[in-house]
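Participant: I would like the atomic coordinates for the input below:
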Amino acid sequence: MAAAANTQKISVIIPALNEADSVGVLCAALQPLRQRGHEVILVDGGSTDQTIAIAESQTDRVISAARGRALQMRAGAAAAKGSVFWFLHADTGVPEKADQLILDALANHNAHWGRFDIALSDRHPMLVCVAFMMNLRSSLTSIATGDQGIFVRRSLYQRIGGMPSIPLMEDIAFSRTLKASSRPVCVGEQLITSARRWNKHGITRTIVTMWGLRLAYYCGVSPERLEKYYGMDIS
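Facilitator: Got it, this is the predicted structure:
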């Protein structure tokens with residue numbers, strides 16, 4: 001791959017489980033980043049479909065890890081070579097020059113981590129509102145969700161001990177720890193997040209479930225209990 005114009009190298013870390021329908025589209029969109037010298041790592045959590053076969057020719061590395069986004073992202077970060085880590089869900093659409101957006105966001109020496117605004121792939125009015133509220137909430141609280149493509153300098157990631165090894169709410173816990181170091185840079189360019197969880201479970205039910213999970217977590221319920229008692233697949 002050609003060397004990146006910027007000396008900083010981004011490691012894109014994608015946790016995946018049975019993402020054959022999505023991962024090829026994302027990997028194809030990330031090829032310009034690879035051509036500019038960045039790396040793409042897919043971390044598989046035990047897929048039984050064609051996820052690995054699809055990703056192998058379009059990534060720099062495909063590794064296996066125990067199932068669970070947090071564990072998979074930790075494994076990806078441990079294998080990554082870049083000075084910046086970008087954690088990206090497999091069902092995400094990315095801007096063509098996302099790497100430059102990230103490097104520009106981190107150009108200030110006081111900027112250590114950040115996230116993107118998002119839009120949902122389904123333009124249903126309620127889902128447009130959901131995306132707006134997610135972006136607004138994140139701007140006000142400095143807490144990012146995994147859908148928003150959290151990026152962080154390697155140095156800060158290592159200093160805080162990496163991604164929390166918890167079964168749910170790892171993105172919230174991660175953001176809280178990062179926030180203690182500095183506020184995130186909010187990139188206005190949008191990632192496109194799949195609306196499949198809302199379409200699969202119903203918009204209202206998904207909103208209520210996700211808010212219920214977050215409220216319980218904020219009230220001190222452990223991620224392990226949340227995983228046990230909330231049987232709904234929110235992925």
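
Participant: who's Cys186 bridged to?
Facilitator: Going by DSSP bridges, Cys186 is paired in beta bridges with Arg115.

Participant: Distance check, it against Phe116.
Facilitator: Using Cβ to Cβ, to the nearest Å, Cys186 is found at 8 Å from Phe116. The way it works is simple: take the backbone N, C-alpha and C, and place the C-beta from them, glycine included.

Participant: for Pro15, same thing?
Facilitator: Distance from Pro15 to Phe116, by Cβ to Cβ: 17 Å.

Participant: Between these two, which is the more surrounded one?
Facilitator: Between Pro15 and Phe116, counted using other Cβ atoms under 10 Å, the more crowded position is Phe116 (31 against 27).

Participant: Tell me if I'm right that the more buried one and Thr193 touch.
Facilitator: No. Contact criterion Cβ atoms under 8 Å: Phe116 and Thr193 do not qualify, at 9.7 Å.

Participant: What is the neighbour count of Glu215?
Facilitator: One correction, residue 215 is Leu, not Glu. 10.

Participant: Let me see the contact set for it.
Facilitator: Listed by Cβ atoms under 8 Å, 6 or more residues apart in numbering, Leu215 has no contact partners.

Participant: In three-state terms, label it for me.
Facilitator: When classified by DSSP: H, G, I helix; E, B strand; the rest coil, Leu215 comes out as helix.

Participant: ok, how many other residues are close to the nearest residue to Ala173 once chain neighbours are set aside?
Facilitator: In this structure, Ala173 finds its nearest non-sequential neighbour in Pro164, 4.4 Å apart by Cβ to Cβ, 6 or more residues apart in numbering. Per other Cβ under 10 Å, the neighbour tally for Pro164 reads 18.

Participant: ranges for the helices of the protein?
Facilitator: In the chain, the helices defined using DSSP state H lie at 23-29, 31-35, 51-56, 69-79, 98-105, 125-141, 154-159, 170-181, 196-201, 203-218, 223-229.

Participant: Nearest to Ile63, out of these?
Facilitator: helix 69-79 (5.8 Å; Cβ to Cβ).

Participant: Any buried residues in that closest one, and which?
Facilitator: Within helix 69-79, the residues scored as buried using 16 or more other Cβ atoms under 10 Å are 69-77, 79.
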